[in-house]
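>>> Requesting a structural model of the entry that follows:
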Amino acid sequence: WDRNEEYGVVTARTGKGKSFLISYFALHCAKLGLKVGIYSGEMSDTKLGFRIDTLFSHISNYSIMKGDKSVEEAYRKSIDAFKNIEGSIYVCTSQMLGGFATVNKLKAFIEKYNLDILFIDQISLMEDMRNNRVRFEKFESISKDIKSLQVDLQIPIIVAAQLGRSIEKDEDPDTTNIALSDRIAQDATLIISMQRKEPNVILQLMKCRDGSSGNKLVYTWDVDKGIFKWIPTDDDALKGRSKKNSCEQVSEEYKKNDTGDPF
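Numbers count the residues shown, from 1 in each chain. Predicted structure coming up:
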């Protein structure tokens with residue numbers, strides 16, 4: 001992300017994994033030493049914490065949530081290991097706020113913890129400070145206020161947003177398919193769409209103010225264990241390397257990391 005001028009959007013249809021991907025990005029930023037904030041309008045801080053724990057440890061999210069005794073020792077080790085990451089993650093939920101967040105409440109959250117980056121999950125679970133009742137106007141106002149907040153505080157703000165129902169199952173989305181308001185696509189500096197085509201997930205750069213748009217990255221994704229693995233394709237920008245060499249390099253990295261130990 002641009003450290004000073006990014007209003008990013010992650011978009012997908014309902015139930016495709018936007019929240020998991022937002023959590024994945026947030027954890028990565030914390031590993032880089034940043035103070036990371038996450039606003040969750042839907043999940044509790046406990047459930048969000050379980051997801052981040054899974055992404056960090058690759059222990060089954062289902063087993064963690066159900067209190068499976070067979071993962072208890074590994075889970076304790078992962079909690080101890082998590083304490084060693086350089087950054088930190090702060091969580092704000094609608095339950096904590098007594099209702100959905102406004103942009104002003106998120107500004108207070110950022111300033112209280114001196115955050116380096118904020119993730120919003122998701123824009124449809126926010127309230128408009130101007131109390132617009134027309135749905136389009138409400139989310140146009142919210143997006144403009146998020147953009148103003150980003151410009152004012154000079155930190156990246158990354159938002160999850162829904163794709164509209166108009167998108168066909170096998171159709172590549174574009175910025176006009178983002179639900180709620182055209183303003184979201186206009187204000188964003190970077191938009192990533194997420195599509196699930198089992199067993200893979202495809203991330204496409206729909207908009208990039210500072211680079212080319214349209215590039216796709218394909219991953220295998222074990223949702224329950226939070227494991228993403230990149231699959232090189234003929235369409236990827238490989239910086240002059242052949243697809244064969246890239247696949248071999250990725251394969252070697254997997255071998256080095258696949259020790260059987262989730263840490």
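>>> Name the surrounding residues that touch stretch 136-146.
Contacts of stretch 136-146 with the rest of the structure, by CB atoms under 8 Å, 6 or more residues apart in numbering, involve 7, 103, 120, 123-124, 126-130, 132, 157, 159, 180-184, 187. Placement of C-beta: from N, CA and C, glycine included.
>>> Which helix or which strand is home to the closest residue to Thr175 other than its chain neighbours?
Excluding its sequence neighbours, the residue lying closest to Thr175 (CB to CB, 6 or more residues apart in numbering) is Ala185, at 3.8 Å. Secondary-structure assignment from DSSP states H and E places Ala185 in helix 182-187.
>>> hey, where'd the strands end up in the protein?
Under the criterion DSSP state E, strands of the chain are mapped to 7-12, 35-40, 88-93, 117-121, 157-162, 190-197, 200-208, 216-222, 227-231.
>>> Check the offset of the second one from the chain's centre.
This points to strand 35-40. On the basis of CA atoms, centre = their mean, to the nearest Å, strand 35-40 sits 11 Å off its chain's mean C-alpha point.
>>> Need the phi and psi values for Ser213.
Here is the backbone geometry of Ser213 (degrees, to the nearest 10): phi -110, psi 160.
>>> That one reaches Ser193, doesn't it?
No - taking contact to mean CB atoms under 8 Å, the distance of 10.6 Å between Ser213 and Ser193 leaves them out of contact.
>>> Residues that sit against both of the two, list them.
Taking CB under 8 Å, 6+ apart as the contact rule, Ser213 and Ser193 both touch Met206.
>>> More neighbours: which of those two?
Ser193 (25 against 14; other CB atoms under 10 Å).
>>> And the more buried one, how close does it get to Ser124?
Shown here: Ser193 relative to Ser124, a distance of 16 Å by CB to CB, to the nearest Å.
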